[in-house]
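**Student:** here's a sequence, model it:
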Amino acid sequence: QVQLVESGGGSVQAGGSLRLSCAASGRTFSSYGMGWFRRAPGKEREFVATISRSGISTYYANSVKGRFTISRDNAKNTVYLQMNSLKPEDTAVYYCAAAASGVGIRTTEYGYWGQGTQVTVSS
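**Tutor:** The predicted structure is shown next:
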């Protein structure tokens, strides 16, 4: 079992930055690939970024590539999402998730989810 708690969301103007954190409970955090997803109002939940168990491999959605960076600290049981050059279209609830199978871009690959944190970007 893994419990995930996101933090770091908020309101920011376009061009600004935020860093999201996701703290995981349990002693097996390093056994899971981790991902960030988001759901904008009226839209389906979509993939943002994923990172492998070791942190060596990462993969991003095209919409955030070059602006967002996913990282993890296995000693702190925490995964991060650094978001720079934010745009109004980044406004969404952001969720972190854990996948026993490793990295993944589909919601169905993730068995554990946090409650989400709101990010609002104004123009």
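
**Student:** switch to C-alpha atoms for all contacts and neighbour counts from now on
**Tutor:** OK.

**Student:** report the secondary structure state of the residue sitting nearest the centre point of the chain.
**Tutor:** Closest to where the C-alpha atoms of the chain average out (C-alpha atoms, centre = their mean) is residue 36, at 2.4 Å. What DSSP: H, G, I helix; E, B strand; the rest coil gives for residue 36 is strand.

**Student:** can you check the one 10 residues further on too?
**Tutor:** On the three-state scheme (three-state DSSP), residue 46 is labelled strand.

**Student:** thinking again about what came up before, which residues does the residue nearest to the centre of the chain bridge with?
**Tutor:** residue 49, residue 96 (DSSP bridges).

**Student:** ok, it to residue 67 distance?
**Tutor:** Using C-alpha to C-alpha, to the nearest Å, we find residue 36 at a distance of 14 Å from residue 67.

**Student:** now residue 19
**Tutor:** Noted for residue 19: a distance of 12 Å to residue 67, by C-alpha to C-alpha.
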